[in-house]
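Asker: Build me a structure from this.
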Amino acid sequence: MPSLTLRLLLRRFALLLGVYFLLRLGFYILNQTTFREASGTEVAWAFWHGFRFDIAGLLLLNLPFVALSFVPNYGRLWQRTLRGIYLIINSLGFALNVIDTEYFKFIGRRTSNELTTIGTDVQRQSGQLLGHYWYLLIPFVLLLVVVGWVYPMPQPTTLELNREKEAFQPRARRYTQLAIEVIAVTLAAVLGIRGGLQLKPLRTGHAFVQQPAVLGHLTLNSTFTFIKSLGYQTVEHKQYFASETALRAALNVRPLPPAPAGKPPLRDNVVILLLESFASEYTGIENGGQGYTPFFDSLATKGLFFREHYANGRRSIEALPAVLAGLPSLMDGPFITSNFQTDELHGLGEILARQGYSTAMYHGAQNGTMGFNTFAGMAGMQRYFGLNEYPRGAKSPDYDGHWGIFDEPYLQYFSRQLSQQREPFFTTLFTLSSHEPFTVPEQYAKRFPAGQLPIHPTIGYTDHALQAFFKAASRQPWYRHTLFILLADHTSQTIRPGYQNALGNYKTPLLLFHPGRALPAADVHRITQQSDVPATVLNFLGLPGDKEMLPFGYSVFDSGATGRAFFLSGGSYFLVHQDFVTELTADDNIRLYPYRTHYIPATPLPTPDPQKVQQYGAELRACVQFFVNGLADNRLYK
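Answerer: Numbers count the residues shown, from 1 in each chain. Sure thing, here's the model as predicted:
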């Protein structure tokens, strides 16, 4: 039978779970308009999922109380001291959640560590804040009083029985039981804080996997988001422009070209194939036929192949926000694991789902890898398929033993899955075989050119897998009314000198292919980037999206735009145009480099054109300010 200590601890923790349920209910009632698109069932599921975050947040907050609870002392003074510690610690959580019922209306997300960065401002404005929001003290004080009143205290009769029981119990047995319970509680606490046995610990972004994704704010609690955000480096607001008008003028925003009058939107399917490490350096079409991608090269001659395309980041985790939401990677840490993952974000999945599309994402690696499943939900993808959903999962003979399912069988599986998906569909697949440790199936051990780098044979294998996929897909009824977009997440190992520079590190291919429809005219030599994909898809389909489109990317079919690309490297921001590459250094200097495909020199121009320095410098600063301040203030779409 559990000891009195453990029974009391469980009852006290259950009390907190009940309080957090009431706090979530109050949050929902006072912010109901935010969740108006959700059905009653979806709201109920959000509450149910919220218990997972409540357990994690409460354990993180109450670790000192849990430890002190095992002090073997049932005296009234010690138990009252424990109650005081309990109330003091949890008053912080109560306050955060009560404040967020109103604060959420201003920032559009649960509180994170911004409270630690604006502490002096809060102190300075405390009188005014109390004057405006005095009524929040009522539920806060009421909660403390009620919790202090119903806090489980050991009854005198219970204590007397417990003393009599211990008197007849050997000391060694009591200590053994105590040790077992401490170990059990420790293991349970670790499991609760991690949120389960999944690959990655629980993060705020996991709340947004459900649909509609906005319910993630309801699932979360402010205690969890605040504690999880501690230790993250905050971003410093940028103030390059004195007014919003000047900022907007310098942004060089390109709204989506309007659809022809009277022409209904297309209902074509859209499939994005995001190819792991499939850098331009490995293709033959970009290197005079000397490459490892014969099928991709042949497919490129049948579609629109953009020769001046660049990734927005150097990591796989940075590719999805760019490709699915038009958000380049302009901060040191990835968006998916940042404090800003709960910001307002409108992905292609969400936009197309409103148009009746079924949406899904596929990645043959372990579910939870790099937070892809989390971000897929945030971008509005209705379903996520990972290793867990693949037949037999890691026990499948198609498992590579390290990372996930080999590309060829996974792409065949993907083709079959598409045939079962309701049309029109929007689907994204992320390959994985061309990733360390660079393995290929045994039957292909000597099939592909060894090349000079370990990655080269795996690029050949992925190219072969693509060929088999398109062969299988071409026999399906959905094939001829599907737009395929092929691009890479980032570059990888390099050996060609022309690519070994600040710009070549981001040079990747972009191919648009439609087997049943002539694509609109486009300049294949314009600058393109991953963040152009959302605008391109909506423009091709003839759908509006200006309110949900971020200003960083352009449609490749927009004849009025010469194109551009952004990336962050070595602490500097870069903006790529057809004539120059502009650098904004960490100390706020503007440098200009002459542009050449996948190459810029190591040193900037000694005497750059002052007009270009002014024009491109203002554009780059505007985009950086919009990005940084927009994330920090959750105002990317304001």
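Asker: For the rest of this, base every contact and every neighbour count on C-alpha atoms.
Answerer: Noted.
Asker: Can I take it that Arg80 is in a helix?
Answerer: Yes: secondary structure assignment places Arg80 in a helix (DSSP: H, G, I helix; E, B strand; the rest coil).
Asker: Can you give me the neighbour number for it?
Answerer: For Arg80, the neighbour count with other C-alpha atoms under 10 Å is 13.
Asker: Next: Asp400.
Answerer: 20.
Asker: isn't it right up against Pro441?
Answerer: Yes: between Asp400 and Pro441 a contact is recorded at 7.4 Å, counting by C-alpha atoms under 8 Å.
Asker: overlap in contacts of those two?
Answerer: Listed as contacting both Asp400 and Pro441 by C-alpha atoms under 8 Å, 6 or more residues apart in numbering are Phe406.
Asker: For Ala565, grab phi and psi.
Answerer: Ala565 has phi and psi values of phi -150, psi 150 when expressed as degrees, to the nearest 10.
Asker: what about the helices in the stretch 151-300 of the chain?
Answerer: With helices called from DSSP state H, counting those that start in this stretch, the stretch 151-300 of the chain shows them at 156-167, 171-194, 216-219, 222-229, 244-251, 294-300.
Asker: Keeping just the C-alphas, turn the longest one into CSV.
Answerer: Output in CSV follows, covering the C-alpha atoms of helix 171-194 (Å, rounded to 0.1, in the frame of the first residue of the first chain):
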residue,chain,number,x,y,z
ARG,A,171,13.1,0.5,10.2
ALA,A,172,14.8,-1.2,7.2
ARG,A,173,11.4,-2.0,5.7
ARG,A,174,10.3,1.7,6.1
TYR,A,175,13.4,3.0,4.4
THR,A,176,13.2,0.4,1.6
GLN,A,177,9.6,1.5,0.9
LEU,A,178,10.7,5.1,1.0
ALA,A,179,13.5,4.5,-1.5
ILE,A,180,11.2,2.6,-3.8
GLU,A,181,8.6,5.4,-3.8
VAL,A,182,11.3,8.1,-4.4
ILE,A,183,12.6,6.2,-7.4
ALA,A,184,9.1,5.6,-8.7
VAL,A,185,8.2,9.3,-8.3
THR,A,186,11.4,10.4,-9.9
LEU,A,187,10.9,8.2,-13.0
ALA,A,188,7.2,9.3,-13.2
ALA,A,189,8.3,12.9,-13.0
VAL,A,190,10.9,12.5,-15.8
LEU,A,191,8.3,10.8,-17.9
GLY,A,192,5.7,13.5,-17.2
ILE,A,193,8.1,16.3,-17.9
ARG,A,194,9.1,14.7,-21.2
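Asker: Packing partners of it?
Answerer: In terms of contacts (3 or more C-alpha pairs under 8 Å, 6 or more residues apart in numbering; DSSP states H and E), helix 171-194 is packed against helix 40-68.
Asker: Who are the packing partners of the helix it packs on?
Answerer: helix 4-30, helix 76-107, helix 171-194, helix 216-219, helix 222-229.
Asker: Can you say which of those is nearest to Ala311?
Answerer: helix 222-229 (28.1 Å; C-alpha to C-alpha).
Asker: outside of that closest one, which residues touch it?
Answerer: So helix 222-229 is contacted by 53-54, 56-58, 60-61, 93, 96-97, 100, 110-113, 203-204, 339 (C-alpha under 8 Å, 6+ apart).
Asker: for stretch 490-509, same thing?
Answerer: 276-281, 305-316, 319, 452-453, 455, 486-488, 569, 598-602.
Asker: buried subset of these?
Answerer: Neighbour-count burial within these applies to 276-281, 305-316, 319, 455, 486-488, 569, 598-600; the criterion is 16 or more other C-alpha atoms under 10 Å.
Asker: circling back to that earlier point, could you say which of the helices and strands packed on helix 40-68 is packed most deeply?
Answerer: helix 216-219 (a mean of 26; mean count of other C-alpha atoms under 10 Å).
Asker: what separates that one from the chain centre, distance-wise?
Answerer: 15 Å (C-alpha atoms, centre = their mean, to the nearest Å).
Asker: That one - contacts with which helices or strands?
Answerer: Against helix 216-219 (3+ C-alpha pairs under 8 Å, 6+ apart) you get helix 4-30, helix 40-68.
Asker: what's the pLDDT at Arg109?
Answerer: Arg109 is assigned a predicted lDDT (pLDDT) of 72.
Asker: What of Leu327?
Answerer: The per-residue pLDDT of Leu327 was computed as 96.
Asker: follow-up on the earlier one: out of the helices and strands packed on helix 216-219, the one nearest His514 is which?
Answerer: Comparing the helices and strands packed on helix 216-219 by C-alpha to C-alpha, helix 40-68 comes nearest, at 37.0 Å.
Asker: Quick check: buried residues in that closest one?
Answerer: 42-43, 46-47, 49-62, 65-66.
Asker: Also stretch 281-293?
Answerer: In stretch 281-293, counting by 16+ other C-alpha under 10 Å, buried: 281-285, 291-293.
Asker: Now tabulate those residues in CSV and tack on pLDDT.
Answerer: What follows is the buried residues of stretch 281-293, written out as CSV (pLDDT from 0 to 100):
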residue, pLDDT
Glu281, 97
Tyr282, 98
Thr283, 98
Gly284, 97
Ile285, 97
Gly291, 97
Tyr292, 98
Thr293, 98
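Asker: Closest to Ile138 out of those residues?
Answerer: Nearest to Ile138 among the buried residues of stretch 281-293, with distances taken as C-alpha to C-alpha, is Glu281, at 63.9 Å.
Asker: Let me see the contact set for that closest one.
Answerer: 287, 291, 494, 496, 499, 507-508.
Asker: give me that answer again for 10 Å
Answerer: Shown in contact with Glu281 (C-alpha atoms under 10 Å, 6 or more residues apart in numbering): 287, 290-292, 491-500, 504-505, 507-509, 598.
Asker: Can you flag which of these belong to helices?
Answerer: Using DSSP state H, no member of the contacts of Glu281 sits in helices.
Asker: Just the buried residues out of those, in ChimeraX syntax.
Answerer: To isolate the buried members of the contacts of Glu281 in ChimeraX, using 16+ other C-alpha under 10 Å:
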select :291,292,491,492,494,499,500,504,505,507,508,509,598
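Asker: Which members of the contacts of Glu281 are positioned in strands?
Answerer: Judged by DSSP state E, strands contain none of those.
Asker: For the stretch 301-450 of the chain, just list every one of the helices.
Answerer: Under DSSP H, counting those that start in this stretch, the stretch 301-450 of the chain gives helices at 316-325, 348-353, 372-378, 407-420.
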